[in-house]
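# Let me see the structure of the following:
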Amino acid sequence: MKKIYDSEMNLTLLTDFYELTMANGYFKNGFKDTIGYFDMFYRTIPDCGGYVIMCGVEQVINYLNNLKFTDEDIEYLRTRGFCEEFLDYLRNFDFVCDVWAIPEGTPVFPGEPIIKVRGPMIQAQFLETMILLIINHQSLIATKANRVVRAADGRAVMEFGSRRAQSAQAAILGARAAYIGGCVGTACTLDGRDFGIPALGTMAHSWVQLFDSEYEAFKAYAKEYPDSCTLLVDTYNVLKSGVPNAIKVFNEVLVPQGKRPKGIRIDSGDITYLSKKARKMLDDAGFPDCTICASNSLDENIIRDMLLQGAKIDSFGVGERLITSSSHPVLDGVYKLVAIEDENGNIIPKIKISENVAKITTPCNKEVYRFYDKETGKAEADVLTLVGEKIDESKPYLLFDPNYTWKQKVIENFVAKPLLVKIFDHGKQIVEIKTAEECKKYCEEQIATLWDECLRFEHPHKYWVDYSRDLFDEKYKLLKEFSSKVNENV
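The predicted structure follows:
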């Protein structure tokens, strides 16, 4: 069976058409075998936050493993006027790129390569659309989920957004990303089957409406699910009907069996107020262990306010505002050429210049190092270097802002760890795919390495992403060269 969210479905032509027109141009102009280096990076942290959670590497791997042009693809492209020699090249397409990625669950920062591709220009260029589509979407949702989870302050957050996602694929992969970002489970059953993510849920209002009374609806559910009985108590009136009927059923059905209720869920009204009253009613009835779950268009800001106001909530079901990242629905990841190789294998840096300084690219084949303080284990800064540069951990290291070079800091007693991991070597996958559970655990560990100041919702501390001196010199050498050429033509 084809999976609509996975590359078992032929997604090769899910690409911007200019990838193919450029590929045809490379083919005809002798650049077919020219080796190019591309970086994927993003520019802006969603919601003015402190970081983004890297997510989607598994789907990138699946896509690359299944990259091929079918007869149907070739026939369509023939109708668009591509020459037969180019179509023959596509028909015999053999993926041979090297690919690196920062592991899923890692907090990443603007401007640093989170995926790096090296290979023939036609191939490396062609990957742009799908890499961006996959990583931009899942990283966005994982980041939003992490914000929601942090706002919940230790209380469980469940992803409830399938019905409000913007496609089936967005629902499935969004739930996966939300789990990696920190959610305890999802309402999406397919994620339970395919990713091992806990599939969670109880009842809808229609269950209660179907019976002649709320009491009968609760009683039937408790008899059917005595070990996991959570009742939705807001169909009619939370305090006058829902909670009293729930307590009655708990006493009549569960207690005689030696069972305890799992919880109640409130999905409407002033949930903060209702949770306080419901908590007292449950406690007075002898059910202090009965949890209260809140749902209904929640996000990190609403959850934080509810808790500040004393809401007695034990868990949250968060849907539309998480699965769509409605407060900031786009991650602005881009994919840029940063170098090529000449016929002798020498790397020639490439740069894109703009009057908008934020859009000037960082050239060269690069590595990303994260500096950790040996005593605290906290991440102090990321540094982009040329590949092959060595960082001497026995000596102090000067950090400096590449745009505001007078902003400097000397760091000592540190460990520098490379972040990029090679996942494809000459077109062959060389890493094992991590489970969603493994990525989630890794994410928790990596978030714990960030200082609290980076975790603030408002005005978080800006994490340092700096250049090595050699990389800085290469970039500004290119800027000067192009500036001189432009001035010569004025």
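# Out of all residues in the protein, which is the farthest from the middle?
Distance from the C-alpha centroid of the chain, by C-alpha atoms, centre = their mean, peaks at Pro256 (46.1 Å).
# Helices of the stretch 151-300 of the chain, start to end?
In the stretch 151-300 of the chain, the helices defined using DSSP state H, counting those that start in this stretch lie at 168-181, 189-195, 205-210, 214-224, 243-249, 271-284, 300-308.
# Of those helices, which stretch is the most buried?
helix 168-181 (a mean of 27; mean count of other C-beta atoms under 10 Å). For the C-beta atoms, the positions are set from N, CA and C on the backbone; glycine is no exception.
# In contact with Tyr51: list those residues for me.
Contact partners of Tyr51, counting by C-beta atoms under 8 Å, 6 or more residues apart in numbering, are Ile45, Pro107, Val108, Phe109, Thr143, Leu450, Cys454, Tyr463.
# Now do stretch 252-267: everything it contacts.
Contacts of stretch 252-267 (C-beta under 8 Å, 6+ apart): 202, 205, 219, 222-223, 226-234, 238, 242-243, 246, 250, 274-275, 278, 282, 287, 289-296, 314-315, 317.
# contacting residues for the one residue sitting closest to the centre of the chain?
Geometric centre of the chain, nearest residue: Ser139, 1.9 Å, by C-alpha atoms, centre = their mean. By C-beta under 8 Å, 6+ apart, Ser139 lies in contact with Tyr42, Val52, Ile53, Met54, Cys55, Gly56, Val108, Ala177, Leu331, Gly333.
# which of the residues you listed tops the neighbour count?
Cys55 (34 neighbours; other C-beta atoms under 10 Å).
# Which secondary structure state does it sit in?
coil (DSSP: H, G, I helix; E, B strand; the rest coil).
# Do you know the pLDDT at it?
Per-residue pLDDT puts Cys55 at 98.
# returning to that earlier point: hmm, which of the contacts of stretch 252-267 are the buried ones?
Buried members of those, counted by 16 or more other C-beta atoms under 10 Å: 202, 219, 222, 226, 229-234, 238, 242-243, 246, 250, 274-275, 278, 282, 287, 290-296, 314-315, 317.
# is it true that Lys312 lies in a helix?
No. According to three-state DSSP, Lys312 belongs to no helix; its state is coil.
# in this protein, which ranges drop under the pLDDT threshold?
By pLDDT under 70, the weakly predicted segments of the chain are 1-8, 486-490.
# what about 90?
Applying pLDDT under 90 to the chain flags residues 1-10, 202, 354-358, 403, 482-490.
# picking that back up, now the residue nearest to the centre of the chain: closest residue in space that isn't a chain neighbour?
Nearest non-adjacent residue to Ser139, counting by C-beta to C-beta, 6 or more residues apart in numbering: Cys55, 4.7 Å away.
# for Phe218, same thing?
Spatial nearest neighbour of Phe218, chain neighbours left out: Val249 (4.3 Å); criterion: C-beta to C-beta, 6+ apart.
# List the residues that contact the one you found.
So Val249 contacts Tyr215, Phe218, Lys219, Ala222, Leu231 (C-beta under 8 Å, 6+ apart).
# Find the nearest non-adjacent residue to the first one, please.
It refers to Tyr215. Asn245 (4.6 Å).
# Could you do the last one as well?
When the adjacent residues along the chain are set aside, Leu231 lies closest to Ala246, with 4.7 Å between them (C-beta to C-beta, 6+ apart).
# you'd agree the one you found is up against Val233?
Yes. Shown here, Ala246 and Val233 form a contact pair, counting by C-beta atoms under 8 Å, at 5.6 Å.
# ok, back up a step: could you check how far the residue nearest to Phe218 is from Leu282?
13 Å (C-beta to C-beta, to the nearest Å).
# His426 too?
As judged by C-beta to C-beta, His426 and Leu282 stand 62 Å apart.
# pretty sure Asp342 contacts Ile348?
Yes. Using C-beta under 8 Å, Asp342 makes contact with Ile348 at a distance of 5.8 Å.
# thinking again about what came up before, turn the contacts of Tyr51 into TSV, columns for secondary structure.
Listed next are the contacts of Tyr51 as TSV, based on three-state DSSP:
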residue	secondary structure
Ile45	coil
Pro107	strand
Val108	strand
Phe109	coil
Thr143	helix
Leu450	coil
Cys454	helix
Tyr463	coil
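# Reformat those into a markdown table and put distance to Leu307 next to each item.
A markdown table is the format used below for these (distance: C-beta to C-beta, whole Å):
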| residue | distance to Leu307 |
| --- | --- |
| Ile45 | 24 |
| Pro107 | 24 |
| Val108 | 28 |
| Phe109 | 28 |
| Thr143 | 21 |
| Leu450 | 22 |
| Cys454 | 21 |
| Tyr463 | 26 |
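# Whichever of those residues end up buried, select them in PyMOL.
Applying 16+ other C-beta under 10 Å to the contacts of Tyr51, the buried members can be selected in PyMOL as follows:
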select buried, resi 45+107+108+109+143+450+454+463
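# With respect to Ala124, which of the contacts of Tyr51 is nearest?
Nearest to Ala124 among these, counting by C-beta to C-beta, is Val108 at 20.9 Å.
# Could you give the bridge partners of the closest one?
Judged by DSSP bridges, the bridge partners of Val108 are Val52.
# ok, back up a step: nearest to Thr324 among the contacts of Val249?
The closest of the contacts of Val249 to Thr324 turns out to be Leu231 (C-beta to C-beta; 28.5 Å).
# next structured bit after the helix or strand hosting Tyr369?
Assigned by DSSP states H and E, Tyr369 belongs to strand 366-373. Next in sequence after strand 366-373, counting helices and strands by DSSP H and E, comes strand 379-386.
# bridging residues for the closest residue to Leu298 other than its chain neighbours?
What sits nearest to Leu298 in space, not counting adjacent residues and going by C-beta to C-beta, 6+ apart, is Val318, at 4.8 Å. For Val318, the beta-bridge partners are Glu159 (DSSP bridges).
# Neighbours of Val318, how many?
Val318, neighbours per other C-beta under 10 Å, totals 29.
# what's the answer for Gln166, then?
12.
# And for Pro103?
18.
# Would you agree it falls within a helix?
No. Counting by three-state DSSP, one finds Pro103 to be coil, located in no helix.
# quick one: it and Cys55 touch, right?
No. Using C-beta under 8 Å, Pro103 makes no contact with Cys55, being 10.0 Å away.
# joint contacts of these two?
Common neighbours of Pro103 and Cys55 (C-beta under 8 Å, 6+ apart) are Cys439.
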